[in-house]
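# following is a predicted model, sequence given first.
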Amino acid sequence: MAFFGLFGKEKKETLDKGLEKSKESVLSKISHAIAGKSTIDDDVLDNLEEALITSDVGVETTLRIIERIQERVKRDKYIGTAELNTLLVDEIAAMLAENETTDIRDFSEPLPAKPYVVMVVGVNGVGKTTTIGKLAYQYKKAGKKVYLGAADTFRAAAVEQLSIWGERVGVPVIKQQQGSDPASVAYDTVASAKANNADVVLIDTAGRLHNKINLMNELTKIKSVMQKVVPDAPHDVMLVLDGSTGQNAFEQAKQFTRATQVSSLAITKLDGTAKGGVVIGISDQFKIPVRYIGLGEKMEDLQAFHKEEFVKSLLGI
């Protein structure tokens, strides 16, 4: 059965539009890779390897994809270049499934805990606070009661920005004075959410990476304080990455996965870039599910990540 019916026409259109720049870039490179060829031979594979690497898929992931294509061509004997895009969709989606990056979390799905506590991490400027606001909107739209915690207390703009999102979406924001202890804000947020029977708690945290030890200590303290209220919190540590930075997003993912135990990823700003291939590489390299992707400015433009539909849109299928 085709997944399109489950994915929905409107979501598919948003995904296609959001990945338009990436798709144009990838398709032009693949077209160049197969120019003048009718079958997938070594020259096509060499050119395809270059096309994927320059599309920000990453070297290691590209080599894994090429290896899978080689095995498929060897097994199926004759595969024409016209079938290459479909073959890429099959093999990339299968590869991501092997890496256990299939943890789709649509907003209407039942949550595994109540309140379901998400600690959101990421450097300043990646769209972290905006992503929290969009998550709050989507969860509320799906009928869930949401609380936000402004635990990025060292940056006044972060608290203010989250407060504005809370007003826009119509959800409570728990905050304290600038410079307050982030763990104290997190504690108050989780306690208020639990007392008011909330479904989802989203905690914004500081985005400083220049001193990993301080960051690690701060995030560890936030976790331990929240556990006094909800023993298994946080249920998800979500790292937000800016997809438009390409390979820099890989580096940020490396740094944060060393500083704390990241359990999911949200990749933003994919609509303004030709670097959408970075989503595939990050999914593959870090063995952490990409749960959400940002495809535009509107609140509806944050989507749950569906690997097969993503690759299809990237390849214009």
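Received, thanks.
# A195: how many residues sit nearby?
When neighbours are counted by other C-beta atoms under 10 Å, A195 registers 9. C-beta: built from backbone N, CA, C; applies to glycine.
# what's the per-residue pLDDT of it here?
Listed pLDDT for A195 reads 97.
# how about S31?
For S31, pLDDT reads 86.
# dihedrals phi and psi, it?
Backbone torsions for S31, taken as degrees, to the nearest 10, come to phi -60, psi -40.
# in the protein, which spans are strands?
116-121, 146-150, 173-174, 200-204, 236-242, 264-268, 290-294, 302-304 (DSSP state E).
# what's the third one packed up against?
In this structure, strand 173-174 makes packing contacts with strand 146-150, helix 156-169, helix 182-195, judged by 3 or more C-beta pairs under 8 Å, 6 or more residues apart in numbering; DSSP states H and E.
# tally of neighbours for the closest residue to T86 other than its chain neighbours?
Nearest residue to T86, sequence neighbours excluded (C-beta to C-beta, 6 or more residues apart in numbering): I317, at 7.0 Å. Around I317 there are 14 other residues, counting by other C-beta under 10 Å.
# I317 contacts V89, correct?
Yes: the pair formed by I317 and V89 meets the contact definition of C-beta atoms under 8 Å, at 6.2 Å.
# quick one, domains of the protein?
4-98, 116-311 (automatic domain parsing).
# tell me which of those domains sits most buried.
Counting by mean count of other C-beta atoms under 10 Å, domain 116-311 has the highest mean neighbour count of the domains of the chain, with a mean of 20.
# who's in contact with L84?
By C-beta atoms under 8 Å, 6 or more residues apart in numbering, the contact set of L84 is 30, 34, 40, 44, 48.
# farthest pair within these?
Pairwise distances across these (C-beta to C-beta) peak at 11.5 Å, for the pair I30 and I40.
# how close does the residue nearest to I282 when sequence neighbours are not counted get to L19?
Nearest-residue entry for I282: A253, 5.9 Å, with adjacent residues in sequence omitted and distances by C-beta to C-beta, 6+ apart. Distance, A253 to L19, using C-beta to C-beta, to the nearest Å: 20 Å.
# center of the protein - which residue?
Nearest residue to the geometric centre of the chain (C-alpha atoms, centre = their mean): A266, 2.4 Å.
# could you check the pLDDT of that one?
94.
# what's across from it in the sheet?
V240, Y292 (DSSP bridges).
# need the nearest residue in space to V57, chain neighbours excluded.
G277 (4.2 Å).
# and that neighbour, what does it touch?
By C-beta under 8 Å, 6+ apart, G277 lies in contact with 22, 26, 52, 55-57, 314.
# dump the residues you listed to TSV, plus distance to V201 and pLDDT.
Listed next are the contacts of G277 as TSV, based on distance: C-beta to C-beta, whole Å; pLDDT from 0 to 100:
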residue	distance to V201	pLDDT
S22	33	90
V26	38	87
L52	39	92
S55	37	88
D56	33	90
V57	35	91
L314	33	88
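# among the residues you listed, which one sits closest to V171?
S22 (32.0 Å).
# hmm, back to that, and the contacts of G277, which two are furthest apart?
Across the contacts of G277, the two members that end up farthest from each other (C-beta to C-beta) are S22 and L52, 12.3 Å apart.
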